[in-house]
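Engineer: 3D, please:
(2 chains)
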Amino acid sequence: MNAVLTITGKEIRDGLRNRWVLATALLLAGLALSLGLLGSSPTGAVKVDPLTVTVVSLSSLSIFLVPLIAMLLAYDAIVGEIDRGTLALLLSYPVSRWQVIVGKFIGHLAILALATTAGYGFAGLALQWLHGGADAAAWRPFALLIAASVLLGASFLAMGYLISTLVRERATAAGIAIAVWLFFVVIYDMALLGLLAADQGRTVTPAVLDTLLLLNPSDIYRLMNLTGFENISMYAGMAGVGSQASLGLATLAVAQLLWIAIPFLLAAACFQRKSL
Amino acid sequence: MTTSQVVLAGASKHYGQHRALDRVDLELHAGECVALAGHNGAGKSTLIKLVLGLIRPTHGRVQLLGHDAASRQAARLRHDIGYLPETVALHPAMTGAETLDFYARLKRQPLARNAALLERVGIADAAHRRVGGYSKGMRQRLALAQALLGRPRILLLDEPTTGLDPASRLMFYDLVRELRDAGATVLVSTHALAEIAGHVDRVIVMTHGHKIADGTLTQLRQAIGVPLRIVLTLAQPVPADALPQPWQQIGPARFERACAETSKVEAIRGLGAIDLPIADIDIHIPGLDEIYAHLLERKAP
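Structural biologist: Residues are numbered from 1 along each chain as shown, chains lettered A, B, ... in the order given. Reported below is the predicted structural model:
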């Protein structure tokens, strides 16, 4: 366990040193703030809490950004260390391979969580200070947004680790990581929409649709944010979907955790057998 | 004294059709320093990775301190191993001291000893500077320091002196000798043969994944029969036939003869019979480079 913590600590320190955390947090905070400030003008009349509107806009943005950041962190994790010769050195120490991969993963996850929480948290506080009087209820979806973003990031981190373990070249890993990102974030939903339009509800029953949505971590994320709270889904125009969908927050969370566990365990198993 | 710390028995490593290592047998004992010589691609790094258990042999077996090198038991013994990889990119944003602390924690060594270790390899002054600003030699010294953490019983050094200036090399060989005298097994892979010759007890020569020679320098010289050369300088010029065969004139007052390692003593005794004023005698003993070149020549069909 000690070795895992040592490796995790080093990853976090590396992340802080090379400004990864700072850059990501600033990027997320900047986007959250600008969305919050721009989004506040139309809400004046209807008296919607700016934080609530921000959650809606932010979740649409995070769905692209957070997986991309996770992939950028993860694609290099194993193949890059092999390339630099640091992995062979690390494994000549009394540490097992699972300790190495678990330690690194927790470290990267901590970096991602730190950047997301700091970035969005700062923006949330700033918005509340600017507009004043946001009730505590508005903070719950915002906190959920941060938690869901970290989970979404973790699932893409796990996929990135799997890619990084399977390939031999860093460039290949980067290419595959971008392709996977594009697939889940853009192509999958477009294809799903096309399918729904063509099918006209004949074979794709709500149950099938639920399953199809659970097969994509970014859709799970979307559902978590947009259907988790009634007032959020209303402003997001997802009220229809929200009321039809039978997927509770718990189911969504479990599905997302599986999206983290399965790719990560596969990555760990491949890493165990990998010839260096 | 002759405890086998590392044993390879018929060990082969194939990557598809390519035989990186082919049926190699060797033993490394406690308290000896062994050079692993060979061209790039001769199988030196593959051999070291096998000993570290980073890869498994395709055939044969590799044992480390009495256990299968890729087994869990051997993994636990890694406290006793120091490894210096051929190329290692230490994190540029960390300082030298931080880098060494990280590796010391992994080896569960007290961090308090690190300062002395950095002093020993000569980078104590730069300990709190970022590795990114180090010269190549300083990075190599830092990498060496991590290999020495916890006084290892087995040291595997892959091309350790590349990038080191002559003074650093001497420091390095001093360190190696110290560890060997304390009972450690040291394996140094290198192609800087001439440089290492005086510092090792035994030489293993590899080519194309085969071990083609294994022994002390004298043993190798004898086995191969690379001749010694004796050069005689006389006090004044003499005619070419002043000395009998096998002496050959190479200058007005200089003669040379070749002689086998086995008849060396006899040839030197023979010098006493020469009835001319001798100004100087030089004996050229073939170096590791010449032996190596000879071995490769002999190996080639």
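Engineer: next one: phi and psi at the closest residue to chain A within the stretch 201-301 of chain B?
Structural biologist: Of all residues in the stretch 201-301 of chain B, the one sitting closest to chain A is B:Gly209 (16.3 Å; Cβ to the nearest Cβ). Quick note: C-beta positions are derived from backbone N, CA and C, even for glycine. Per-residue torsions, B:Gly209: phi 80, psi 0 (degrees, to the nearest 10).
Engineer: which residues are in contact with it?
Structural biologist: For B:Gly209, the contact set (Cβ atoms under 8 Å, 6 or more residues apart in numbering or on different chains) comprises B:Ser12, B:Lys13, B:Arg19, B:Ala20, B:Leu21, B:Asp22, B:Val24, B:Ala42, B:Gly43, B:Thr46.
Engineer: check contacts around the first one.
Structural biologist: Remark: with contacts taken as Cβ under 8 Å, 6+ apart, B:Ser12 is in contact with B:Arg19, B:Leu21, B:Asp22, B:Arg23, B:Val24, B:Pro57, B:Thr58, B:His59, B:Gly60, B:Gly209.
Engineer: please pick the buried ones from these.
Structural biologist: Neighbour counting by 16 or more other Cβ atoms under 10 Å in any protein chain shown classes B:Arg19, B:Leu21, B:Asp22, B:Val24, B:Pro57, B:Gly60, B:Gly209 among the contacts of B:Ser12 as buried.
Engineer: which of those residues fall within strands?
Structural biologist: With strands taken from DSSP state E, the overlap with these comprises B:Arg19, B:Leu21, B:Asp22, B:Val24, B:Gly60.
Engineer: ok, these vs chain A, which is closest?
Structural biologist: Relative to chain A, the closest of those is B:Leu21; by Cβ to the nearest Cβ it sits at 13.3 Å.
Engineer: for that closest one, name its beta-bridge partners.
Structural biologist: Beta bridges link B:Leu21 to B:Lys13 when assigned by DSSP bridges.
Engineer: quick one: contacts for it?
Structural biologist: Neighbouring residues of B:Leu21 by Cβ under 8 Å, 6+ apart: B:Ala11, B:Ser12, B:Lys13, B:Gly43, B:Thr46, B:Leu47, B:Leu50, B:Pro57, B:Gly209.
Engineer: export those residues as a markdown table, with columns for pLDDT and distance to A:Ile260.
Structural biologist: Below are those laid out as a markdown table (pLDDT from 0 to 100; distance: Cβ to Cβ, whole Å):
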| residue | pLDDT | distance to A:Ile260 |
| --- | --- | --- |
| B:Ala11 | 92 | 40 |
| B:Ser12 | 92 | 40 |
| B:Lys13 | 93 | 36 |
| B:Gly43 | 89 | 41 |
| B:Thr46 | 91 | 36 |
| B:Leu47 | 93 | 40 |
| B:Leu50 | 92 | 35 |
| B:Pro57 | 92 | 36 |
| B:Gly209 | 90 | 43 |
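Engineer: of those, closest to chain A?
Structural biologist: For the contacts of B:Leu21, the minimum distance to chain A (Cβ to the nearest Cβ) is 9.4 Å, reached by B:Lys13.
Engineer: buried set for stretch A:210-221?
Structural biologist: Quick answer for stretch A:210-221 (16+ other Cβ under 10 Å): A:Asp210, A:Leu212, A:Leu213, A:Leu214, A:Asn216, A:Pro217, A:Ser218, A:Asp219, A:Ile220, A:Tyr221.
Engineer: list the contacts for the residue nearest to the first one when sequence neighbours are not counted?
Structural biologist: Distances taken as Cβ to Cβ, 6 or more residues apart in numbering or on different chains place A:Leu247 nearest to A:Asp210, at 5.6 Å, with adjacent residues excluded. With Cβ under 8 Å, 6+ apart as the criterion, the residues that contact A:Leu247 are A:Asp210, A:Leu213, A:Leu214, A:Leu223, A:Thr227.
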